[in-house]
Each structure stands twice: as structure tokens, then as C-alpha cells.
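Asks: Just the structure for this:
(2 chains)
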Number of protein chains: 2
Amino acid sequence: MSKIEISDPEDPRLAPYVSIRERDLTGRSDGRFIVEGKVTLAILLERSRFEIESVFIGRSRVEPLAEMLAQVPEGVPVYVAPQDVMDQVAGFPIHRGVLACAHKGQPVGVEKLLEAETLLVLNGISNHDNVGAAFRNAAAFGAGGVLLDEQSCDPLYRKSIRVSAGAALWLPYLQSGQCDDHVSWLENAGFDVWAMTPRTTAEELHRLEPATKTAILLGPEGPGLSDALIDRCRPVRIAMAGGFDSINVATAGAIALAHCHASSGSAKA
Amino acid sequence: MSKIEISDPEDPRLAPYVSIRERDLTGRSDGRFIVEGKVTLAILLERSRFEIESVFIGRSRVEPLAEMLAQVPEGVPVYVAPQDVMDQVAGFPIHRGVLACAHKGQPVGVEKLLEAETLLVLNGISNHDNVGAAFRNAAAFGAGGVLLDEQSCDPLYRKSIRVSAGAALWLPYLQSGQCDDHVSWLENAGFDVWAMTPRTTAEELHRLEPATKTAILLGPEGPGLSDALIDRCRPVRIAMAGGFDSINVATAGAIALAHCHASSGSAKA
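Replies: Below is the predicted model of the structure:
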């Protein structure tokens, strides 16, 4: 392990870790992202497709995390600093004392993603908690990946990763362009595309037998999917009590994904 | 409407609104709670069982909200102040410019709650988002109420109310004592009590036909329900993909509630 002690918060090697929150808000254009906490770092080291650039931990965490740090690839620097230096660099208290920086690298190819049997498709999901929760649910119910449009937020935003329970680090996904194009891709690849909507004329989820290839399309909370998108797809609704047709969008996805998983061979067997 | 103009942030009539966040954290022992935002205030006025004590709004909101304010009961003061006075009192910027204070009053009687066909039962859910989401889901899928133990957090905490989409204000609930006693009440009232657990020996949710009276019991994220509690109940699990048996506790509740609702007469009809 290449352990490098740092005592100066201005050390240029720590540049990717400076003012994390502010850069979370504005977005990073350098292709890097930050993960926080030991559980997430473990996933980054063990099952992620992303190339790790460096690790940055509090001095007091070196010993308790020795086993995990031994997995850091050869040549990847592990910067070690006192907690107060770490907090100064990041711009807020890093209670967990564990940060790492990785490269997004090349996105997953669309052909690869379309090989999945079940896909989650996000249209305009601009809330980091919802994107993170959507990934966690997709992983829990064995979806083969996630397709997001440019209006949805970045799954590799620090909070999305945490809420995803690390799933954003290993579940294949592609974020690109417009949802309208995604629906075309899915149709061409033989997917039955379920547009989740509260429309009363939509088919009820619990009566549906999922096709071999099913895509679950979720729209933004509040406005929901556009009529044009719903009309192109198979409108599906979750039966709810009268007068209250509102659940969280990631929760709606979870219910649809759970239904597909329960109806699939693996859960039936 | 009893509109009262306030210009002094120290005005004693605004005492319940002072330092809202700090008092959210420590909890209020005076039986009052605060709601925030016009959607929540509308629910408080229209369908809540709670007695409203006062309303506190920014001056610029009086006119746009005139219709809603006309519903404030006779004799309930509507305090009006400039935005900066409001922010000073509350201790942080009240962007929505709408606050109200209400009394918790008498809790719902347990006998009343046990008349429900479907109940959600929360054991040690100490996260406000999760409690709020649990209420939202219970309302969406027509549960008759929620039973919470003392270890769970207060559904009338400001953030819980917001996340519940206001359901915490009208869905009957009772927070009291220990979950062990709740299970006894439920058993005596003829409920089939489903203890949600990832145990592989548990019955799979999607294969179950809900009983006439079903209670869905959720435990804390991380540790989950205790073995002793699970063993007293009917262990039920949600089928998930191998190697990832973790979804958010409120989401697990939503999936179980959706299943009960879909299996009930109303959704079948």
C-alpha cells in the first residue's frame, strides 16, 4: 500500500477532495467522483467497474481499516491525514474519516445494457435520494441495469451512491440523451415498456404477467411521465386506495420491480 | 379570520414558533406540533383530527392564500409578519412562509385502531423520513392505521409530516409502549401478524393470500426485528435477488401493503 502522510490542507495532491459539497452541487466536469464511508469504499474496491484514483482517510482509521486498505490496488496512493486536516480539505466534518476518488471512465454500452431481462428506466428523476433509492431497489430485485436520461441526476453523486447502498457502483447503467430515444432502443430490443402512471385507464400491475424482457419507466414526482411518453408505452398503474394516488417514485419502482422478480422463474422456483 | 400583525420577533404570542429546528431535535413536551407549508396546512384544516392553535404566515402570503385562510376556524389567531421577522423567530429561513401550530390532543384509542382490516406496525423506526414514508405508503394502500412503539420517532415531527404527504395528520395512529404488547393486542383482535424479515425460512410475500385482518410489522433498518418478535409472528419475506437482501424499511412496508391492497376485494373488483 502506498501510504502518504499529509499534514498541509493545501497539499495539491488532495485537490479532488477540496470543497466536496460545493462541487457536489455544481457537478464535476473532470470525470471524477467521490465516495464516502467504509461500506461504499469496500464496494468500490471489490465489485465496482470504476478505476480508483486515490484514497483519503483519517489517521485514526488506518489501523481499523487495515484489511480493507490492503485491497487498494498497487500504485494507488492512500493519503492519510489528521481528522482536522481532512475536515479542512473537504470543507465539512468527515465523520466517517473515509473518502476515495475514482474515475467514471467509459460508460456502459447500450447494447450491453439491452441484454438485461429487466431494466429500470428513469426519466427526469432529479432528486439524488430518488435516484439512489431506485438503484438500491433495482439491485435488490435483480434488474440488469438502469437507463437514465440527461434530466435525471448523476448516480455517482455522493449522496446517490450512499442511498443506493453502493449499487450505483456496480449495477450497469447508462445516462444519456432523451427518454424518447431510450423507449425506441427498448422497443427495438424487444422490451415490453411499462410506463408507470396513476392513470385510471392503465392496466393494474398486479394483474400483469411480465414479458421475458420488461422495462419499467418512471417519471418525475409531481408531473409524472408526459402523455406522449405514456402513449408510446404500456401504461401500468399500481392499485391504490381512493383519493390518495401518491407514492414516492422510487417506491413505485420498487413495487413494480418486486412484481417482476416475484413473477420470474427464479422467485417462482 | 382573526388576523394579527406582528412586527416584534420577541412577541410572546409567537413562543411556539421560536427555534423550530432545535425544538424538533429535542422534542416538544407541551403537546404541540408544528406544520409547515400550504399543502400540509390545507390537510390540517380540512381532514385532520388535530385542534389548530394558531397560524403564522409571511405577509406576502396573505393574499395568495386567502381562500385557505378563510377556512381557519373562528377564534384561531392568524399571525402575520414580514418574512425577516418570521425567519428570525423560527431561526432559519421559512421559504414557504407558512407555519401552523396544533395540539396533539388525546391519542386514538387502541380499540378504534384494532377495527382496521390492515394495520402497519412500526418497531424502533427512529428515522423521521422512514416514519413519514411509512405513513404515506399506509395511506396510499388503504391501511386503517399505524401502531408505533415508543422507540419509533414521532409521526408529528415536522419532517415526518412532510414526507408523509400529510398522511400523519389524518391517518389514525397510536404511539405507545412496547411492540411486544402490540403483537399481543393484534393477536387478541384476530390479526394475522406478518413480521417482515429477510430470513430465508420465512414465507414469501407474493405467495400469501392476506387474511381478513392483517398487520404488517416492520423493524429497524440494520438489525431488523428481534428473533423473539419474529418467532411470535408469521415470518414473511420479500423475494429478492441473491446477494442483496436490503431495501429501505418503508419500501418493504410499501411492497407488503401493495400486496395486501391488490389482494383485497376493492382492488380485485
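Asks: what's the spacing between A:Ala252 and B:Val236?
Replies: Relative to B:Val236, A:Ala252 is positioned 21 Å away (criterion: CB to CB, to the nearest Å). C-beta coordinates here come from the backbone N, C-alpha and C atoms, glycine included.
Asks: Which one of these two is surrounded by more residues?
Replies: A:Ala252 (29 against 25; other CB atoms under 10 Å in any protein chain shown).
Asks: Excluding residues flanking it in the chain, which one is nearest that one?
Replies: Beyond its immediate neighbours in the sequence, the residue positioned closest to A:Ala252 (CB to CB, 6 or more residues apart in numbering or on different chains) is A:Met196, lying 5.4 Å away.
Asks: That neighbour contacts A:Gly253, doesn't it?
Replies: Yes: A:Met196 is within contact range of A:Gly253, at 7.2 Å (criterion: CB atoms under 8 Å).
Asks: Around chain B, which positions in the stretch 101-250 of chain A sit nearby?
Replies: Near chain B, the residues belonging to the stretch 101-250 of chain A are A:133, A:136-137, A:139-142, A:165, A:167, A:204-206, A:238-242, A:244-248, A:250 when assessed by CB under 8 Å from any CB of the partner chain.
Asks: Buried among those residues? Make that a ChimeraX selection.
Replies: Restricted to the buried members of those, where burial is judged by 16 or more other CB atoms under 10 Å in any protein chain shown, the ChimeraX selection command reads as follows:
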select /A:133,136,137,139,140,141,142,165,167,205,206,238,239,240,241,244,246,247,248,250
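Asks: In strands, which of the residues of the stretch 101-250 of chain A next to chain B fall?
Replies: Using DSSP state E, the members of those that fall within strands are A:Glu204.
Asks: Helices - which of the residues of the stretch 101-250 of chain A next to chain B land there?
Replies: Using DSSP state H, the members of these that fall in helices are A:Ala133, A:Arg136, A:Asn137, A:Ala139, A:Ala140, A:Ala250.
Asks: Can you tell me the strand partners of the one helix or strand A:Phe33 maps to and which way each runs?
Replies: In this structure, A:Phe33 sits in strand A:32-36 according to DSSP states H and E. Sheet pairing for strand A:32-36, assigned by DSSP bridges, gives strand A:98-103 (antiparallel).
Asks: Can I get the strand it pairs with in CSV, CA atoms only?
Replies: Once side chains and other backbone atoms are set aside, the C-alpha atoms of strand A:98-103 remain, and they are given as CSV (Å, rounded to 0.1, in the frame of the first residue of the first chain):
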residue,chain,number,x,y,z
VAL,A,98,-13.0,7.6,4.8
LEU,A,99,-13.0,9.2,1.3
ALA,A,100,-11.9,7.9,-2.1
CYS,A,101,-11.8,9.3,-5.6
ALA,A,102,-12.5,7.3,-8.7
HIS,A,103,-12.9,7.8,-12.5
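Asks: gap between stretch A:25-33 and the chain center?
Replies: Taking CA atoms, centre = their mean, to the nearest Å, one finds stretch A:25-33 lying 15 Å from the centre of the chain it belongs to.
Asks: Quick one: residues in contact with it.
Replies: Stretch A:25-33 is contacted from outside by A:16, A:50, A:53, A:101-105, A:154, A:156-158, A:161, using CB atoms under 8 Å, 6 or more residues apart in numbering or on different chains.
Asks: And the average pLDDT for the strand holding A:Phe33 is what?
Replies: Taken as a whole, strand A:32-36 has a mean pLDDT of 94.
Asks: From A:Asp231, how far out is the spatially closest residue to A:Ile125 that is not a sequence neighbour?
Replies: Beyond its immediate neighbours in the sequence, the residue positioned closest to A:Ile125 (CB to CB, 6+ apart) is A:Ser152, lying 4.5 Å away. When distances are taken as CB to CB, A:Ser152 and A:Asp231 turn out to be 21 Å apart.
Asks: And for A:Phe56?
Replies: The span separating A:Phe56 from A:Asp231 equals 49 Å under the rule CB to CB.
Asks: returning to that earlier point: columns pLDDT on top of the ones in helices among the residues of the stretch 101-250 of chain A next to chain B, output as a markdown table?
Replies: Putting these into a markdown table (pLDDT from 0 to 100) gives the following:
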| residue | pLDDT |
| --- | --- |
| A:Ala133 | 97 |
| A:Arg136 | 97 |
| A:Asn137 | 98 |
| A:Ala139 | 97 |
| A:Ala140 | 97 |
| A:Ala250 | 98 |
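Asks: residues in contact with the residue most central in space within chain A?
Replies: If you average the C-alpha coordinates of chain A and look for the closest C-alpha using CA atoms, centre = their mean, you land on A:Ala168, 3.2 Å from that point. When contacts are counted by CB under 8 Å, 6+ apart, A:Ala168 is found next to A:Val131, A:Gly132, A:Phe135, A:Pro155, A:Leu156, A:Ser160, A:Ile161.
Asks: got JSON lines for the residues you listed, with neighbour count too?
Replies: Shown next, in JSON lines, are the contacts of A:Ala168 (neighbours: other CB atoms under 10 Å in any protein chain shown):
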{"residue": "A:Val131", "neighbour count": "30"}
{"residue": "A:Gly132", "neighbour count": "25"}
{"residue": "A:Phe135", "neighbour count": "31"}
{"residue": "A:Pro155", "neighbour count": "25"}
{"residue": "A:Leu156", "neighbour count": "21"}
{"residue": "A:Ser160", "neighbour count": "25"}
{"residue": "A:Ile161", "neighbour count": "27"}
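Asks: Filter these down to the ones in helices?
Replies: Among the contacts of A:Ala168, the members falling in helices are A:Val131, A:Gly132, A:Phe135, A:Ser160, A:Ile161 (criterion: DSSP H).
Asks: and stretch A:252-262, average pLDDT?
Replies: Regarding stretch A:252-262, the rounded mean pLDDT is 97.
Asks: can you check stretch A:77-90 too?
Replies: On average, the pLDDT along stretch A:77-90 is 95.
Asks: residues in contact with it?
Replies: Contacts to stretch A:77-90, defined as CB under 8 Å, 6+ apart, come from residues A:1-9, A:13-14, A:17-21, A:54-60, A:62, A:69, A:72, A:93-94, A:97, A:99.
Asks: from the residues you listed, which would you call buried?
Replies: A:6, A:9, A:14, A:17, A:20, A:54-58, A:69, A:72, A:94, A:97, A:99.
Asks: Output the longest strand belonging to chain A.
Replies: strand A:51-58.
Asks: Just want the angle from that one to strand A:32-36.
Replies: Counting by axes from the mean of the first three to the mean of the last three CA atoms, to 10 degrees, strand A:51-58 points 40 degrees away from the direction of strand A:32-36.
Asks: what's the next helix or strand after strand A:51-58 packed up against?
Replies: Per DSSP H and E, strand A:51-58 leads on to helix A:66-69 as the next helix or strand towards the C-terminus. Secondary-structure packing of helix A:66-69 (3 or more CB pairs under 8 Å, 6 or more residues apart in numbering or on different chains; DSSP states H and E): helix A:38-47.
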